[in-house]
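Visitor: I'd like to go over a predicted model; first the sequence, then the structure.
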Amino acid sequence: MRTIEARLLVRTSAVLGEGIQWNPYDGRLWWTDIHGRLLLSCDADGGDLRSRALEERLTAFAFPESGGDVVLAAFASGLFALDLSTGARRRLTAFEPENPATRLNDGRCDPAGAFVVGGMDEAAHQPVSRVIRYDGVVETPLVTGIAITNSIAFSPDGRTMFLADSPTRTIWRHVRDPQTGALGAREVFATTAEGEGVPDGACVDAEGGLWSARFDGACVQRHLPDGTPDIRVTLPASQVTCCCLGGPNLDRLYITTAREGMTPDAYAREPLAGGIFVADVGAAFGIRGLPERRFAGALPAVG
C-alpha cells in the first residue's frame, strides 16, 4: 500500500471538524466545527482564517449554483437557508421532529444538484434515522434504518452513491439513477477491521477512487473503484472526520479532525487534534479531484 503523511495546515482545535469542501469561486476552504457551532474558512495555504459563530450546530452545507451569500445548510434540526455574510437563517425543513435523539449529519449535492443528507441517533447509535434527498421543493426519503450516516459521495458518472453507516464499519455502493436520484441495489464496497477506525466523511476523485476518513483510525484510506485499498494518508490525530480534494488544481487532500470526548491526557498525546491537515496527493501520486457539486434548487432570501 502506498502511503503519505499529511501535514498541519491550520491549528484550530475543533471539537468536531467536519464537512470540508473547496469553493473555487472564492478560492477558499470551508468547513464546520459542529459542536463548536462555528463555520470556518481559509485560503488554499491555510491563511486568512475566518470563523462565524452560529446559533445551532451546523453539520453540512452546499453552495448554490446561482452564487451569492446564501447557502443550503444542514443544521442539527433540519435544512435552512443560511446567509454567510450575516449568519441569519431561514428554516426550510424539520428533520425527524418526532425523534429528539436524532439529528442531521453527513451530506452533499448529487450530480443533479439535489442535496443528499442523512441523520444519526446521538443517544444510542441505533438504526432509527434515514437519508433524504432535497431538491429545493420536495424532500424524498432514500434510505431508512441508519444509525450514523457518513461517506455520502457519488461516482464521476453519477451512477453510484457511496454511503456508510459508521457503527457497522461498512461502506455500501448503491446503484442510482443519475437523473432522478432513485437508488437501486446495493453491495458492500469496503469494510474496516477492529482497531482501524470507522468510516466517516469521504470524497471521490477524478479516477473514481473513494477517499474515506477513518474516525479513531488516524488516516484517510483511498479505495480503487472496485473497493481495493490503495493510498493511505496518515495523520498525527486519531479522530479523522472528513476530507476533500481542493486547491486551484484540485490536487491537495484537505482533512478535518476532531477532539470530541478526549481526556486531557489523550489531548496531550495528540496536541494537533482538531486541526486541519493537507496532503499533496497530486504531486505524490498524480491524483486530481472533481469540483464539488452545487445546489441547483432555489433558496429564499434571508433576513
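Guide: Ah, there it is. Owing to the predicted nature of the structure, the values given are computational and were not obtained by experimental measurement. Residues are numbered from 1 along each chain as shown.
Visitor: all helices for the stretch 201-303 of the chain, in order.
Guide: Per DSSP state H, counting those that start in this stretch, the stretch 201-303 of the chain carries helices over the ranges 264-269, 281-285.
Visitor: Output the first one as PDB, nothing but the C-alphas.
Guide: In PDB, the C-alpha atoms belonging to helix 264-269 read as follows (Å, rounded to 0.1, in the frame of the first residue of the first chain):
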ATOM      1  CA  PRO A 264      -6.800  15.900  28.900                       C
ATOM      2  CA  ASP A 265      -4.200  13.100  28.800                       C
ATOM      3  CA  ALA A 266      -5.400  12.000  25.400                       C
ATOM      4  CA  TYR A 267      -5.300  15.500  24.100                       C
ATOM      5  CA  ALA A 268      -1.800  16.000  25.400                       C
ATOM      6  CA  ARG A 269      -0.700  13.000  23.400                       C
END
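Visitor: In a markdown table, list the helices of the stretch 201-303 of the chain along with mean neighbour count, distance to G47 and mean pLDDT.
Guide: C-betas here are computed from N, CA, C, even on glycine. Formatted as a markdown table, those follow (neighbours: other CB atoms under 10 Å; distance: least, CB to CB, whole Å; pLDDT from 0 to 100):
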| stretch | mean neighbour count | distance to G47 | mean pLDDT |
| --- | --- | --- | --- |
| helix 264-269 | 10 | 25 | 96 |
| helix 281-285 | 18 | 20 | 98 |
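Visitor: Redo those as JSON lines? Include distance to I148.
Guide: What follows is the helices of the stretch 201-303 of the chain, written out as JSON lines (distance: least, CB to CB, whole Å):
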{"stretch": "helix 264-269", "distance to I148": "21"}
{"stretch": "helix 281-285", "distance to I148": "27"}
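Visitor: Out of these, which is closest to T140?
Guide: helix 281-285 (34.4 Å; CB to CB).
Visitor: Which strands and helices lie in contact with that closest one?
Guide: Judged by 3 or more CB pairs under 8 Å, 6 or more residues apart in numbering; DSSP states H and E, the packing partners of helix 281-285 are strand 2-5, strand 229-234, strand 252-257.
Visitor: returning to what we had before: of the helices of the stretch 201-303 of the chain, give the one that comes closest to A44.
Guide: helix 281-285 (12.5 Å).
Visitor: Give me the distance between that closest one and the centre of its chain.
Guide: Here helix 281-285 is found 22 Å from its chain centre; the criterion is CA atoms, centre = their mean, to the nearest Å.
Visitor: do the same with stretch 68-79
Guide: With CA atoms, centre = their mean, you get 14 Å for stretch 68-79.
Visitor: Could you give the average pLDDT over it?
Guide: Stretch 68-79 carries an average pLDDT of 97.
Visitor: Can you name the residues in contact with that stretch?
Guide: The contact list for stretch 68-79, computed with CB atoms under 8 Å, 6 or more residues apart in numbering, reads 54, 56-64, 80-85, 89, 91-95, 97, 103-105, 107, 115, 117, 134, 295, 297, 299-302.
Visitor: Alpha carbons of that stretch, in CSV - could you do that?
Guide: Extracted in CSV, the C-alpha atoms of stretch 68-79 (Å, rounded to 0.1, in the frame of the first residue of the first chain):
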residue,chain,number,x,y,z
GLY,A,68,-24.5,34.8,-3.7
ASP,A,69,-24.1,34.7,0.1
VAL,A,70,-26.9,32.3,0.9
VAL,A,71,-26.1,28.6,1.1
LEU,A,72,-28.1,25.5,1.8
ALA,A,73,-27.2,24.5,5.4
ALA,A,74,-27.9,21.2,7.3
PHE,A,75,-28.2,22.1,10.9
ALA,A,76,-28.9,19.5,13.6
SER,A,77,-32.7,20.2,13.5
GLY,A,78,-33.2,20.5,9.7
LEU,A,79,-32.3,22.3,6.5
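Visitor: what residue ranges in the stretch 1-150 of the chain score low on pLDDT?
Guide: In the prediction, the stretch 1-150 of the chain carries no residues with pLDDT under 70.
Visitor: what's near enough to touch R288?
Guide: D205, A206, L245, N249, L250, D251, G282.
Visitor: of the residues you listed, buried ones?
Guide: Those of the contacts of R288 that meet the buried threshold are D205, L245, L250, D251, G282, by 16 or more other CB atoms under 10 Å.
Visitor: returning to what we had before: can you tell which of the helices and strands packed on helix 281-285 is closest to E18?
Guide: Nearest of the helices and strands packed on helix 281-285 (CB to CB): strand 252-257, 5.8 Å.
Visitor: Which elements pack onto that closest one?
Guide: strand 17-23, strand 210-215, strand 240-246, strand 276-279, helix 281-285.
Visitor: Pipe the ones you listed into TSV and attach distance to V198 per row.
Guide: TSV is the format used below for the helices and strands packed on strand 252-257 (distance: least, CB to CB, whole Å):
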stretch	distance to V198
strand 17-23	14
strand 210-215	5
strand 240-246	10
strand 276-279	19
helix 281-285	22
